[in-house]
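In: Structure of the sequence below:
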Amino acid sequence: MDFLLRKDEFVVVDLETTGLSPYKGHEIIEIGVTEIKKNKIALNYSRLIKPNSIIPTAITDITNITNEMVEGELKIDEVLPKFRDYIGDRVLIAHNAKFDLSFLNFYLQKYDLTPIDNYICTLEMLKILKSRKIYTGNNNKLATACEFYDIVLENAHRADADTLATAKLFLKIREQLLK
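Out: Have a look, this model is predicted:
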């Protein structure tokens with residue numbers, strides 16, 4: 001991981017989905033991106049995606065993303081090729097990367113696009129800091145870690161807000177790990 005931490009360009013990604021597993025037919029409904037270039041946040045962006053199925057009420061309750069909001073949006077097969085090109089070979093960062101990568105790589109494979117295997121997980125970084133007794137938060141949730149590091153997390157469970165908070169968290173954790 002040390003090699004990856006020393007790179008100077010990263011893309012933080014967060015997905016909002018219709019459920020917990022792409023293998024159960026759940027879909028991506030929002031992709032958020034925050035770029036980090038030379039230790040600075042360079043871009044924060046998100047886009048909604050129209051799923052093939054209805055967004056469950058429970059998901060709307062968590063994300064505030066409604067079926068009406070995604071009605072005129074592009075579908076994943078139109079968004080994903082451009083998104084994959086955009087990521088290129090840069091290091092992807094996500095909080096709980098297993099979750100986001102399970103969806104991304106499932107759909108990348110479905111559309112014959114190159115999977116992402118070059119990534120850093122801030123949740124795993126927190127576990128390392130916890131083992132070193134540097135991070136003493138009650139859990140490794142993004143909101144808890146943000147509170148611990150005095151990072152404002154506005155509009156949690158929306159992809160642009162979560163990527164921005166994760167980017168700030170990554171920069172703070174990275175600094176501690178590279179000391």
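In: use CA for all of it now, contacts and neighbours both
Out: Will do.
In: Going along the chain, name the strands of the chain.
Out: Secondary structure of the chain (DSSP state E): strands located at 9-17, 28-37, 40-48, 91-94, 119-121.
In: Tyr111 is nearest to which of these?
Out: Closest to Tyr111 of the strands of the chain is strand 28-37 (C-alpha to C-alpha; 14.0 Å).
In: partners of that closest one in the sheet?
Out: strand 9-17 (antiparallel), strand 40-48 (antiparallel) (DSSP bridges).
In: contacting residues around the first one?
Out: Going back to what we said before, that points to strand 9-17. With C-alpha atoms under 8 Å, 6 or more residues apart in numbering as the test, strand 9-17 has contacts from 26-39, 59, 63, 87, 90-95, 100, 157-160, 162-164, 166-167.
In: From these, list the buried ones, please.
Out: 26-36, 39, 59, 63, 87, 90-95, 100, 157-160, 162-164, 166-167 (16 or more other C-alpha atoms under 10 Å).
In: any idea how far the residue lying closest to Val33 once chain neighbours are set aside lies from Leu101?
Out: Nearest non-adjacent residue to Val33, counting by C-alpha to C-alpha, 6 or more residues apart in numbering: Val13, 4.8 Å away. From Val13 across to Leu101, the span is 9 Å (C-alpha to C-alpha, to the nearest Å).
In: If you count surrounding residues, which of the two has more?
Out: For Val13 and Leu101, the more surrounded residue by other C-alpha atoms under 10 Å is Val13, and the numbers stand at 27 against 21.
In: roughly how far apart are that one and Gly72?
Out: Counting by C-alpha to C-alpha, the gap from Val13 to Gly72 is 23 Å.
In: ditto for Asn138
Out: Counting by C-alpha to C-alpha, the separation of Asn138 from Gly72 is 41 Å.
In: Could you do Asp100 as well?
Out: 24 Å.
In: same check, this time on Ser53
Out: 14 Å.
In: Likewise for Leu123?
Out: Taken as C-alpha to C-alpha, the span from Leu123 to Gly72 is 34 Å.
In: Between these two, which has more neighbouring residues?
Out: Of the pair Leu123 and Gly72, Leu123 is the one with more neighbours under other C-alpha under 10 Å, namely 22 against 11.
In: tell me, which helix in this structure spans the most residues?
Out: helix 159-177 (DSSP state H).
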